[in-house]
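Novice: predicted model and sequence follow; I will ask about them next.
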Amino acid sequence: AGARWAIHHPVLSIARIVVQGEMEHNSAVSLQANVMPALKGNFFTMDLDETRKTFEQAPWVRQAQVRREFPHTLSVTITEQDAAAVWGAEGESRLLNSDGQMFEGDSSDPDLHNLPHLSGRAGRSMDVLGMFRALAPIYAKLDNPLVALDESNSGSWKATLQSGAVVEMGQGTETEVRQRVSKFAQSLPEVTGMYKRSVASLTSADLRHAGGYAVRMQGVSTGSSSAAKPAPKK
């Protein structure tokens, strides 16, 4: 009985929370203020696993490690999310970490405006991020970085480049799409050069043609038709 009384005595309540870790989007003070009211129990009776989950529900917190420090301190080490992309439709977007997992955060934060914008079917965020990582180095060789990638409900891929050019890449596995885009990127300078244009003149491309692709370029007309000019078959 004495032991139970001692364990539950108010003097053993958590009086201090020490929060540490490299934090850019949280502060120790804000985390302490938000989490303290949700804590249950005292130094001995507190459920550390539940306390960890409470910290991990805070915005931008990816992982929390919690331990007791006698007599009345809770020590918490925070690892924040590393934002890799913005996910979803405009106005409903969330953030993706480097593992393609969604988390809560302000995607309109000006500090995040350089992140790529990805979208696709439910449960496909990791795959879309993987496709982005496979294609981004290829488009970078054109000096026109990949800034947005979308996978349609039918599994067709569409890329948006920094210049605003849109590239329809069609369906396929990561390997198939990467090979298709690589051939496009390798031959595009030659194709635009035929019309005395630079790669930067590209406004759209369609890679879904068997054996070739079609492009549109600024200042290039196909006469009375607005159809895209087909590139030589490869």
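Specialist: All right, it came through fine.
Novice: mind checking what secondary structure the residue lying closest to Leu129 once chain neighbours are set aside has?
Specialist: Closest residue to Leu129 apart from its sequence neighbours, by Cβ to Cβ, 6 or more residues apart in numbering: Gly100 at 4.2 Å. Yep, even glycine has a C-beta here, placed from its N, CA and C like the rest. Following DSSP: H, G, I helix; E, B strand; the rest coil, the label given to Gly100 is coil.
Novice: so where do the helices sit in this structure?
Specialist: Here the chain has its helices, by DSSP state H, at 2-7, 28-35, 48-56, 125-140, 174-194.
Novice: looking at those, which is buried most?
Specialist: Comparing the helices of the chain by mean neighbour count (mean count of other Cβ atoms under 10 Å), helix 125-140 ranks first with a mean of 18.
Novice: so what's Glu24 up against?
Specialist: With contacts defined as Cβ atoms under 8 Å, 6 or more residues apart in numbering, Glu24 is in contact with Glu80.
Novice: and it, how far from Thr79?
Specialist: Separation of Glu24 from Thr79 (Cβ to Cβ, to the nearest Å) stands at 12 Å.
Novice: for this structure, give me the ranges with low pLDDT.
Specialist: Residues of the chain meeting the criterion pLDDT under 70: 1-12, 91, 221-234.
Novice: which residues sit in contact with Val181?
Specialist: Applying Cβ under 8 Å, 6+ apart, the residues near Val181 are Leu135, Ile138, Tyr139, Ala159, Val167, Met169, Leu207.
Novice: export the helices of the chain as TSV, with columns for distance to Ser163.
Specialist: As requested, the helices of the chain are exported to TSV (distance: least, Cβ to Cβ, whole Å):
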stretch	distance to Ser163
helix 2-7	66
helix 28-35	40
helix 48-56	40
helix 125-140	10
helix 174-194	13
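Novice: thinking again about what came up before, residues near the residue nearest to Leu129, how many?
Specialist: 19 (other Cβ atoms under 10 Å).
Novice: wait, it sits on Phe132?
Specialist: No. In this structure, Gly100 is not within contact of Phe132 by Cβ atoms under 8 Å, at 9.6 Å.
Novice: residue contacts, Val18?
Specialist: Ala28, Glu69, Thr73, Leu74, Ser75, Val76.
Novice: what sits opposite it in the beta ladder?
Specialist: Beta-bridge pairing of Val18 under DSSP bridges involves Ser75.
Novice: for it, give its distance to Phe132.
Specialist: Applying Cβ to Cβ to Val18 and Phe132 gives a distance of 38 Å.
Novice: tell me which residue lies nearest the centroid of this structure.
Specialist: Ala85 (2.2 Å; Cα atoms, centre = their mean).
Novice: show me what it is bridged to.
Specialist: When bridges are called by DSSP bridges, Ala85 pairs up with Leu96.
Novice: if I pick it, what's in contact with it?
Specialist: The contact partners of Ala85, by Cβ under 8 Å, 6+ apart, come to Leu95, Leu96, Leu115, Pro116, His117, Leu118, Leu129, Phe132.
Novice: how does it look with 7 Å?
Specialist: Ala85 makes contact with Leu96, Leu115, Pro116, Leu118, Leu129, Phe132, according to Cβ atoms under 7 Å, 6 or more residues apart in numbering.
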